Each structure stands twice: as C-alpha cells, then as structure tokens.
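A.B. asks: Here is a sequence with its predicted model. Questions after.
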Amino acid sequence: MTVARRGAVLTLALMAAGFAHAADVTVSAAASLTNAFKELAPAFESAHPGTKLQFNFAASDALLAQIAKGAPVDVFASADQETMDKAQQQKLLVDGTRRNFVSNALVVITPAEGGQSLKALADLQQPGVKRVAIGKPEGVPAGRYTKSALEKANLWAAVEPKAVFAQNVRQALDYVSRGEAEAGFVYATDAFVLKDKVKILFSVPTETPISYPIAVVNGGQNADGGKQFLAFVASPAGQAVLAKYGFQKP
C-alpha cells in the first residue's frame, strides 16, 4: 500500500471514529433520574439508530460546575429550577430548549426493618432518632428543599446536629437503606427504587414545587441529538418510563 493510500485510509478511519463519537449524546442528569434514564436508553437508541446515550449522574450542583468548566455535555437535567437558572444566567444553555419534564415529592424514610415510627417532622427530635440523612444543602437540591422545610417548621436547629450530610440524594438513600441513619430525606422516586429496604413515613410539603428542568447545553458535540433526547423524554413513551419510577407530570 502506498504512503498516499495509507494516509487516505487513516483519514477515513479517523473520520469514521469522529462520526461515531459525534453520534453519542452525553446527558448529565440529577442522581434521582439514574434508574429511569437508564431504562429510557434502549428505546431512545432504537428509535435513533447509530446514536448512543452516555450518562453522567450526580448532584445537580456538581453537574453544573462540570459544565461551567467545559465538560463535553449535550443535555443537562436538573432536580431543581435554581440550578438550571444558574446555568441559564451563565449562558450555558441553548436558547429555547429549556423545559420542565417531570415533578417529584420530598419524603421522610426509615429502614424497612426495625425502622422508626414517625408521623411528622417534629418527631425527628425524638431521642431514638440519632442520625438523619440529608443531602448537603449547599450542593444538593434535595438538601435545599429539606433545610427550607425544616426552617419553616422551626426545626432546623434541632435536626441539623443529627444530620449525616450526603453528596447526593442517592447517598442519603443508601445511608438509610443500610441502617446508618434512622431517618432520611429523599425524593419519593428514590424511595421507590429501594422499596424493599426503606419505607416512606410521610411526605414533606415544600414551598417551591419540585419540578425538573432539562435543556440542551451550549457547545455540546451533538445538539441535534440532544434535542431528540428532550423530545423523547417528553413523549408518551418517555413519560411512561418516568411514571413507572414514580415521577409525576411536570
């Protein structure tokens, strides 16, 4: 094979690799979306041959920080409006793509076996409740919702010393499921994932509705694929999977 032909073959191979990479859609999503989005993937990929979804799940604030630093992301799905507002203020979103696609609820959970019998937030003050799993309010939307609710009930000062702070809502769920905390604050959808290991004690009213926004990220490598993913999660097929995991209509 001549040098020129080898060069042409190499160029074509590199182009093919580039096209394959470009066909990926990288989605950075709130930790609470892990199971639902993973189940969505095969149906989306089947409907869009040649396109593969790549997921990055973490606390919404951590994902925003990654995107702001230039992480290659096509779609951002946050568990609260505040984080997405910051993304929009930093001009990280493609104009006109932001939309709300599901809603959720905050609940108090306890281990399924041998857990506490609590009926209201005030019961978290009981001596038997020594540790309460809470997402870090400064970095986890579920933690912010929790702190706000406890402050409104004048209970934050009493509960904070018992707090076991988690890096994301799924870590708070794990603390309770393993019996490392007597109670914890998570989303209803998280409790659903481990319904054999934790039980919901009661729902917690929040001043701000828990709605999840999603948007295409500026500078991503596959904006068209990102828009297709947004359309899919809003479609009847996408909403059916999300509902299966306990998410409500936006």
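C.D. replies: Done, it's in.

A.B. asks: if I pick the residue lying closest to Thr97 once chain neighbours are set aside, what's in contact with it?
C.D. replies: With sequence-adjacent residues excluded and distances taken as C-beta to C-beta, 6 or more residues apart in numbering, Thr97 is closest to Val216, at 4.1 Å. Where you see a C-beta, it was placed from the backbone N, CA and C, and this is true even at glycine. Shown in contact with Val216 (C-beta atoms under 8 Å, 6 or more residues apart in numbering): 74-75, 93-94, 97, 223, 226-227, 230.

A.B. asks: can you pull up the bridge partners for Val216?
C.D. replies: Note on Val216: beta-bridge partners by DSSP bridges are Val75.

A.B. asks: coming back round to it: let me have the contacts of Val216 in TSV, extended by neighbour count.
C.D. replies: What follows is the contacts of Val216, written out as TSV (neighbours: other C-beta atoms under 10 Å):
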residue	neighbour count
Asp74	26
Val75	27
Leu93	20
Val94	19
Thr97	17
Ala223	17
Gly226	24
Lys227	17
Leu230	23
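
A.B. asks: taking those one by one, which sit in strands?
C.D. replies: In this view, those that belong to strands under DSSP state E are Val75.

A.B. asks: in terms of contact, does Ala41 touch Thr51 like I think?
C.D. replies: No: between Ala41 and Thr51 there is no contact, the gap being 10.3 Å when judged by C-beta atoms under 8 Å.

A.B. asks: ok, which stretches of the protein are helices?
C.D. replies: For the chain, the helices defined by DSSP state H cover 3-22, 34-47, 60-68, 81-89, 141-152, 156-159, 169-177, 188-193, 223-234, 236-244.

A.B. asks: returning to that earlier point: how much space between the residue nearest to Thr97 and Ser32?
C.D. replies: 21 Å (C-beta to C-beta, to the nearest Å).

A.B. asks: tally of neighbours for Gln167?
C.D. replies: Here the number of neighbours of Gln167 (other C-beta atoms under 10 Å) works out to 16.

A.B. asks: Settle this for me: it is touching Ala59, isn't it.
C.D. replies: Yes: using C-beta under 8 Å, Gln167 is in contact with Ala59, at 6.3 Å.

A.B. asks: centroid residue for this structure?
C.D. replies: Ala30 (1.6 Å; C-alpha atoms, centre = their mean).

A.B. asks: Find the nearest non-adjacent residue to it, please.
C.D. replies: Leaving aside its sequence neighbours, Ala30 sits nearest to Ala79 (C-beta to C-beta, 6+ apart; 3.7 Å).

A.B. asks: List phi and psi for that neighbour.
C.D. replies: In terms of degrees, to the nearest 10, the main-chain angles of Ala79 are phi -90, psi 0.

A.B. asks: That one: what's it in contact with?
C.D. replies: 30-33, 60, 104, 141-142, 169, 187, 210, 212.

A.B. asks: one more time with 6 Å, if that's ok
C.D. replies: 30, 32, 60, 141, 212 (C-beta atoms under 6 Å, 6 or more residues apart in numbering).

A.B. asks: My guess is Val164 contacts Ala133. True?
C.D. replies: Yes: taking contacts as C-beta atoms under 6 Å, Val164 lies within contact range of Ala133: 5.0 Å.
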